[in-house]
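Q: structural data only, the sequence is not supplied:
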């Protein structure tokens, strides 16, 4: 066997649920991801199962994502969204009657949306259960990550908050998948040694770091990122492979930038007359993405060409073969210096495939089938599979790191968003004290304590400072942080003064209904 490839897809979205609005723009993030990424990945994996494609991959389904996928309100709203897309695509077929090339694309969308609807109902509207069945059948390994995707190194000095994020995630994983998680996705691949103790307490065995986090370890890893190391505490650490990352992520040399692929940003939600498109937009009166796009990336300047699916499929074939050949060359170059087959760990955000890169799921499918048909080129395994085969590894301490820009915490801690951290830290300290005094509370007080913990954990999500830093939905991100902190402070005051407002509490419980079995005692470090 020339080597191993561990393909890891991190599926995560922040908890966005607004029952107070019939249509809400940011809820469309979930609906788009279900249609364009999660259901297509499920379809691909079922195809592998049907065709006996022996390729195991790893998928992280974040706790916030699982909570939304299992929520009846959001499930119903997704179905309504899907019906709207089918109606819109049918209208587009009629509108484009005299433009045959674009009409064919509209027909493709109409057929595809109907296929997605059939796939959705084939898993009884339960994507979490569908992925659980694939894990039970041995097709995939499912990871968890921090409960609300908090940046764990920023909680290193708040052990109660750190403990709550990890142990709550473990508990929710048990509820969703009927077993304990083995691997853990560090949000933003952010690592510091101070977080290891709680991973051990949760019974976790391994995690992934950015390349330099492993390469700058102490001592330097003998095999670089091509084999894991064990930390002195006994956790296995895998490093992201730079070459496979650049071929997909890089703006300059990455595959998704090929001019033959579909353009993400050119959407009829922005192109067509507002009166015509408004009933099908994610939010009333605000232009947004519909998912129906007729143009290829083409080039930086000039008019966009009409998207050609045949040309895009040809590009997928070329890029899949290039990816395989690149991995084989890597393995051949490294193998003579190792006492075991080299391992290439290729982690990506799952939403890149299908959503941002329309042809991305087809790329994974083509690459896997092509690789396994050729001798095979390499073996697809999960990190847990690797540890079972190779249980002896070097001991080394990874370096603090993230996969964010510049490789450190600057994306989430800078002049635009650093204001968040003092407020979170003060609230975390106050919640530890609150749990100390009211840990045995039940009834209204017990409910209020749980909801206070939920509100603070939702404010800790790494998504909000990221959006503020990048300028993507910064007003909404700021609002979410401030609203959750206000809710927390209000509940804190009501608990300590014995003036709990049952109407307000019930409203917050209904709106932010994540983690119904949350244990505030975890905040007691």
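A: Cool, the structure landed. Quantities reported herein were computed from a predicted structural model and do not represent experimental measurements.

Q: would you map the strands across this protein?
A: 4-11, 57-61, 140-145, 183-185, 206-209, 229-230, 236-239, 343-349, 379-380 (DSSP state E).

Q: dump those to CSV, plus distance to residue 278, mean pLDDT and mean neighbour count.
A: C-beta: built from backbone N, CA, C; applies to glycine. Below are the strands of the chain laid out as CSV (distance: least, C-beta to C-beta, whole Å; pLDDT from 0 to 100; neighbours: other C-beta atoms under 10 Å):
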stretch, distance to residue 278, mean pLDDT, mean neighbour count
strand 4-11, 31, 98, 24
strand 57-61, 34, 98, 24
strand 140-145, 37, 98, 25
strand 183-185, 39, 98, 24
strand 206-209, 43, 98, 25
strand 229-230, 55, 98, 21
strand 236-239, 47, 98, 24
strand 343-349, 31, 97, 22
strand 379-380, 45, 94, 21
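
Q: for residue 110, find the nearest of the ones you listed.
A: strand 4-11 (26.7 Å; C-beta to C-beta).

Q: give me the residues contacting that closest one.
A: Contacting residues not belonging to strand 4-11 are listed as 33, 37-38, 41, 57-62, 65, 143, 145, 185, 208, 238, 327, 341-351, 353, 364, 371, 378-383, 386 [C-beta atoms under 8 Å, 6 or more residues apart in numbering].

Q: quick one: buried residues of stretch 193-204?
A: 195, 196, 198, 199, 202, 204 (16 or more other C-beta atoms under 10 Å).

Q: for the second one, which residues are in contact?
A: Read it as residue 196. Neighbours of residue 196 in contact, by C-beta under 8 Å, 6+ apart: 231, 233, 235.

Q: if I look at the first one, how far off is residue 118?
A: Taking C-beta to C-beta, to the nearest Å as the measure, residue 231 and residue 118 are separated by 46 Å.

Q: the two: which has the busier surroundings?
A: Neighbour totals were compared for residue 231 and residue 118, and residue 231 leads with 19 against 10 (other C-beta atoms under 10 Å).

Q: these two touch, right, the more buried one and residue 395?
A: Yes: between residue 231 and residue 395 there is a contact at 7.4 Å, judged by C-beta atoms under 8 Å.

Q: how about the contacts of residue 196 in a markdown table, adding distance to residue 248 and pLDDT?
A: Below are the contacts of residue 196 laid out as a markdown table (distance: C-beta to C-beta, whole Å; pLDDT from 0 to 100):
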| residue | distance to residue 248 | pLDDT |
| --- | --- | --- |
| 231 | 28 | 98 |
| 233 | 32 | 95 |
| 235 | 27 | 98 |
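
Q: among the residues you listed, which one lies nearest to residue 168?
A: Nearest to residue 168 among those, with distances taken as C-beta to C-beta, is residue 235, at 19.5 Å.

Q: number of nearby residues for that closest one?
A: 18.

Q: list the residues that contact it.
A: Taking C-beta under 8 Å, 6+ apart, one finds 196, 199, 200, 204, 205, 206, 207 in contact with residue 235.

Q: check residue 287 too.
A: 269, 270, 274, 277, 281.

Q: got the domain boundaries for this protein?
A: 11-406, 414-523 (automatic domain parsing).

Q: helices or strands up against the longest helix anywhere in the chain?
A: Scanning the chain for the helix with the most residues, using DSSP state H, yields helix 309-334. With contacts defined as 3 or more C-beta pairs under 8 Å, 6 or more residues apart in numbering; DSSP states H and E, helix 309-334 has these neighbours: helix 242-249, strand 343-349, helix 360-372.

Q: ok, now with 6 Å
A: helix 360-372 (3 or more C-beta pairs under 6 Å, 6 or more residues apart in numbering; DSSP states H and E).

Q: tell me the mean pLDDT over the helix it packs on?
A: The pLDDT scores in helix 360-372 average 96.

Q: tell me how far it lies from the chain's centre.
A: 20 Å (C-alpha atoms, centre = their mean, to the nearest Å).

Q: I'd like to know which elements that helix is packed against.
A: Helix 360-372 packs on helix 39-51, helix 309-334, going by 3+ C-beta pairs under 6 Å, 6+ apart.

Q: returning to that earlier point: tell me which of the strands of the chain lies nearest to residue 449.
A: strand 140-145 (24.0 Å).

Q: quick one: the closest one to helix 39-51, angle?
A: For strand 140-145 against helix 39-51, the angle by axes from the mean of the first three to the mean of the last three C-alpha atoms, to 10 degrees is 150 degrees.

Q: strand 140-145 - which strands sit beside it in the sheet, and in what orientation?
A: strand 57-61 (parallel), strand 183-185 (parallel) (DSSP bridges).

Q: distance to residue 500 for those - can I get that in TSV?
A: Converted to TSV, the strands paired with strand 140-145 look like this (distance: least, C-beta to C-beta, whole Å):
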stretch	distance to residue 500
strand 57-61	34
strand 183-185	35
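
Q: mind picking out the helix or strand in this protein with the poorest mean pLDDT?
A: helix 242-249 (a mean of 92; mean pLDDT, DSSP states H and E).

Q: not counting that one itself, show me its contacts.
A: Contacting residues not belonging to helix 242-249 are listed as 211, 254, 346 [C-beta atoms under 6 Å, 6 or more residues apart in numbering].

Q: just for the stretch 301-450 of the chain, where's the confidence low?
A: Scanning the stretch 301-450 of the chain for pLDDT under 70 picks out nothing.

Q: kindly report the same for the stretch 101-250 of the chain.
A: In the stretch 101-250 of the chain, no residues with pLDDT under 70.

Q: just the helices in it please.
A: Counting by DSSP state H, counting those that start in this stretch, the stretch 101-250 of the chain has helices at residues 127-136, 159-177, 196-201, 211-215, 242-249.

Q: nearest to residue 402, out of those?
A: helix 211-215 (8.0 Å).

Q: measure residue 465 to residue 411 for me?
A: For residue 465, the distance to residue 411 - C-beta to C-beta - is 8 Å.
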